[in-house]
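Peer 1: below are the sequence and a predicted model for it; my questions follow.
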Amino acid sequence: MSKLTDLAAAIRAVPDGALLGLGGNTLNRAPMAAVMELARQRKQGLRLVKTAGGMDVDLLCMAGTVASVAAGFVSFETQYGLCQRYRKAVQAGEVKAEEHACYTVISALRAASYGIPFMPVRGLTVSDLTQVNDYFAPVRDPFTDETLNAVRAIRPDVCIIHAHVADEKGNALIEGPAYDDVLLTRASQTTVVTAERIVPEGWFAAQGRKANIPHFLVSTVVHAPRGAWPCACHDVSGVADDAMQEYLALPDVDALHRWLARRA
């Protein structure tokens, strides 16, 4: 059965208030076409999960769609500086920052993918992070009596990832660095895939490289060439500096929606 649909329909299926995982890493292969559509549809109360966020988190915070962000790192890279819209939303109390270390987000996703309620982690023993974030709690090793910290499993309602190749059934392949995307699909209840190109059924069976995201984890596939733009995508394009500078110069949410409308 074909799972291919258009971007607007795929994003309409993401409910307000969803615990939403976003693939990619900082300005690399973020699912920006889907992120922009989330903003166009004026979703509300999204609870974002990402190891290392960038423009995707910042844009959704500027659009007013976000209730909380669980992430180890949120920033642009190099010349683009900090994610100022995210920072201002947190400082204004509009968005709750559920601060992690990057590896604790990964550990929480691993716990969800294994079907267990938490994952013990070594570390955070000289940090106040465990006091300010209710994702963490002390746990006793039953074999040695050592006290470790545990991170609660994170199981997103849906995750969105951008892949290089997908077929209509939902099998998908990420080329180049996969970051945490494969783990994210295993931890989430379902996955939306946007893809640079759609290949016919049987394409993967004929290839030496197989899909790293299997069809049974995927609910929806969208053909989205340059779907990470203006972020980079391995072997497709680099960061679009002109568009990034345009975005950073937007003065308010109304200007953001005009900017998004021109790119619909």
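Peer 2: Everything's here; your move.

Peer 1: next, count neighbours for residue 23.
Peer 2: Neighbours of residue 23 under the rule other Cβ atoms under 10 Å: 31. In short, each C-beta sits where N, CA and C put it, glycine included.

Peer 1: that one contacts residue 158, correct?
Peer 2: No - Residue 23 sits out of contact with residue 158 when judged by Cβ atoms under 8 Å, with a separation of 11.5 Å.

Peer 1: tell me which stretches of the chain form helices.
Peer 2: Taking DSSP state H as the criterion, the chain carries its helices at 7-12, 32-40, 55-62, 84-91, 102-114, 129-132, 181-187, 241-248, 253-261.

Peer 1: tabulate those (a markdown table), appending mean neighbour count, mean pLDDT and distance to residue 222.
Peer 2: Listed next are these as a markdown table, based on neighbours: other Cβ atoms under 10 Å; pLDDT from 0 to 100; distance: least, Cβ to Cβ, whole Å:
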| stretch | mean neighbour count | mean pLDDT | distance to residue 222 |
| --- | --- | --- | --- |
| helix 7-12 | 17 | 98 | 5 |
| helix 32-40 | 24 | 98 | 7 |
| helix 55-62 | 26 | 98 | 16 |
| helix 84-91 | 18 | 97 | 25 |
| helix 102-114 | 21 | 96 | 23 |
| helix 129-132 | 13 | 77 | 36 |
| helix 181-187 | 23 | 98 | 15 |
| helix 241-248 | 14 | 96 | 20 |
| helix 253-261 | 14 | 97 | 17 |
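
Peer 1: do you know which of those helices lies nearest residue 225?
Peer 2: With Cβ to Cβ as the measure, helix 32-40 is the member of the helices of the chain nearest residue 225 (9.0 Å).

Peer 1: so for residue 206, which of the helices of the chain sits nearest?
Peer 2: For these, distance to residue 206 was read as Cβ to Cβ. The smallest value, 21.7 Å, belongs to helix 181-187.

Peer 1: for that closest one, list the C-alpha coordinates in PDB.
Peer 2: Coordinates of the C-alpha atoms in helix 181-187 are reproduced here as PDB (Å, rounded to 0.1, in the frame of the first residue of the first chain):
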ATOM      1  CA  ASP A 181      17.600   9.700  13.000                       C
ATOM      2  CA  VAL A 182      17.600   5.900  12.900                       C
ATOM      3  CA  LEU A 183      17.400   5.600  16.700                       C
ATOM      4  CA  LEU A 184      14.700   8.300  16.600                       C
ATOM      5  CA  THR A 185      12.500   6.200  14.300                       C
ATOM      6  CA  ARG A 186      12.900   3.200  16.500                       C
ATOM      7  CA  ALA A 187      11.900   5.100  19.600                       C
END
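
Peer 1: mind checking how far that helix is from the chain centre?
Peer 2: Per Cα atoms, centre = their mean, to the nearest Å, the displacement of helix 181-187 from the mean C-alpha position of its chain is 10 Å.

Peer 1: which outside residues touch that helix?
Peer 2: The list of residues contacting helix 181-187 from outside it, by Cβ atoms under 8 Å, 6 or more residues apart in numbering, reads 21, 23-24, 29, 49, 106, 109-110, 112-113, 153-156, 159, 161, 174, 191, 212-213, 217-218.

Peer 1: are any of those residues buried, and which?
Peer 2: Judged by neighbour count, with 16 or more other Cβ atoms under 10 Å as the criterion, the buried members of the contacts of helix 181-187 are 21, 23-24, 29, 49, 106, 109-110, 112-113, 153-156, 159, 161, 174, 191, 213, 217-218.

Peer 1: residue 235 - how many residues pack around it?
Peer 2: Applying other Cβ under 10 Å, we find 8 other residues in the vicinity of residue 235.

Peer 1: may I see the helices of the chain organised as TSV, with distance to residue 143 added?
Peer 2: What follows is these, written out as TSV (distance: least, Cβ to Cβ, whole Å):
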stretch	distance to residue 143
helix 7-12	46
helix 32-40	44
helix 55-62	39
helix 84-91	40
helix 102-114	19
helix 129-132	22
helix 181-187	26
helix 241-248	50
helix 253-261	53
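
Peer 1: contacts for the least confident helix or strand in the chain by mean pLDDT, please.
Peer 2: Across the helices and strands of the chain, the lowest-confidence element by mean pLDDT, DSSP states H and E is helix 129-132, at a mean of 77. Taking contacts as Cβ under 8 Å, 6+ apart, the residues outside helix 129-132 that touch it are 99-101, 124, 136-138, 149.
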